[in-house]
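S.K.: Return a 3D structure for these sequence lines:
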Amino acid sequence: MSWTLGALTLKRPSKYEPLFKEVSTTHEMIDGTHKKDITRQYRVHELTFSALTIAEWSSLNAQYELLTALAFAVSDGSFSISSRNVLMEIKNRKFMRRGSEFRADVVIQLLEV
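M.R.: Numbering: from 1, shown residues only. Model prediction:
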């Protein structure tokens with residue numbers, strides 16, 4: 001079982017959602033019909049992590065701060081994603097757990113390039 005992002009081995013996310021996005025333009029023709037020109041279609045991998053420690057968050061944030069494309073790959077039982085280059089975006093970070101140490105819930109999006 002392995003979820004890797006750049007030099008980092010991630011813990012298994014609590015939620016994984018593949019999103020499909022496109023860059024397109026819709027045109028209304030003179031006869032009233034519509035035409036759609038698709039410039040690009042791409043995939044976004046959205047990963048949700050629950051209860052990350054400060055050390056786990058720091059490692060994840062260090063990959064983000066590289067500001068470069070990172071290799072992303074998954075091999076988790078029968079589920080796998082071959083290595084591909086992605087750009088990382090941190091969508092949300094919440095401190096939800098209290099106690100002896102803070103724990104963070106984090107949502108990241110990985111945009112295929």
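S.K.: residues making contact with the helix or strand of the chain with the lowest mean pLDDT?
M.R.: Ranking every helix and strand in the chain by mean pLDDT, DSSP states H and E puts strand 79-97 at the bottom, with a mean of 89. Strand 79-97 is contacted by residues 5, 45-46, 50-51, 57, 61, 63-64, 69-74, 102-113 when judged by Cβ atoms under 8 Å, 6 or more residues apart in numbering. For the C-beta atoms, the positions are set from N, CA and C on the backbone; glycine is no exception.
S.K.: Sitting in strands, which of these do you find?
M.R.: Mapping these onto strands (DSSP state E) picks out 5, 45-46, 50-51, 70-74, 103-112.
S.K.: From the residues you listed, list just the buried residues.
M.R.: 5, 45-46, 70, 72, 74, 103-111 (16 or more other Cβ atoms under 10 Å).
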